[in-house]
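In: here's a sequence, model it:
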Amino acid sequence: MTAFLLGLMFGLTITISIGPGSIALFQTSLVRGLSAGFVFATGMLISDLLLILLSYFGLSELLLKWDFKVMGIIAGIILIIIGGVTLFKSSPISWDSTKTNPLMGNWTMLLVKGFFLNIANPFSLIFWIGIVGFAARNWGLHSQNLFLFFLGVFVTAFSTDLLKCYLSELLSKVLTSKTIHWINKSMGLVFIGIGFFLIYKVQ
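Out: Below is the predicted model:
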């Protein structure tokens, strides 16, 4: 099996994982549309690339020894804040205006949100350390196969993220504004719960 095909298979492990980033991607695509979901997914992709670089250059070991607990607490706080804002935001969703301009002028915030939700999760770093270690043992750190492997990983992960965005937008077309509004509120509760759970787990 080629390194690229193996990377495609490993990418599936990312797509089936249910974490804060995946939940937020669904919420963003459902409420703001496909374009907003694409921007959010791009932020997650950039953070994954950075985590791979940290693992590749050996900085991950230092980060794990020094900052694992802090990173978990920061990630939990970020999730609680996002969940609180989502839950207690007083104004209902203006569905027509959202669909007319899905990004609503906030594409930078969506990119940053996707980036930090993913990179602040310490389990993302652990995951990529394992993946980089596996690839390095099989092909070495300076092999073309290493590049092909991670290319396959990201082709699968990013393309399926876009598919999730598309399916979420299709779902939004069969739901009423009121239903989407309450789904959004429910996502706020989910974020708060995950945030407190994450803080508890790193103690």
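In: and Cys112, what element?
Out: Actually, residue 112 is Val rather than Cys. helix 107-119 (DSSP states H and E).
In: which helices and strands sit right next to the next helix or strand after that helix?
Out: Later in the chain than helix 107-119, the nearest helix or strand by DSSP H and E is helix 122-139. With contacts defined as 3 or more C-beta pairs under 8 Å, 6 or more residues apart in numbering; DSSP states H and E, helix 122-139 has these neighbours: helix 3-15, helix 34-56, helix 59-88, helix 144-172. All C-beta spots, glycine's among them, are computed from the backbone N, C-alpha and C.
In: out of these, deepest packed?
Out: Of all those, helix 34-56 carries the top mean neighbour count, a mean of 21, counting by mean count of other C-beta atoms under 10 Å.
In: what's the angle from it to helix 3-15?
Out: 120 degrees (axes from the mean of the first three to the mean of the last three C-alpha atoms, to 10 degrees).
In: who are the packing partners of helix 34-56?
Out: Helices and strands touching helix 34-56, by 3+ C-beta pairs under 8 Å, 6+ apart, are helix 20-32, helix 59-88, helix 107-119, helix 122-139, helix 144-172.
In: mean pLDDT lowest for which of these?
Out: With a mean of 65, helix 59-88 has the lowest mean pLDDT of the helices and strands packed on helix 34-56.
In: what packs against the helix holding Val112?
Out: If you count contacts as 3+ C-beta pairs under 8 Å, 6+ apart, helix 107-119 packs onto helix 20-32, helix 34-56, helix 59-88.
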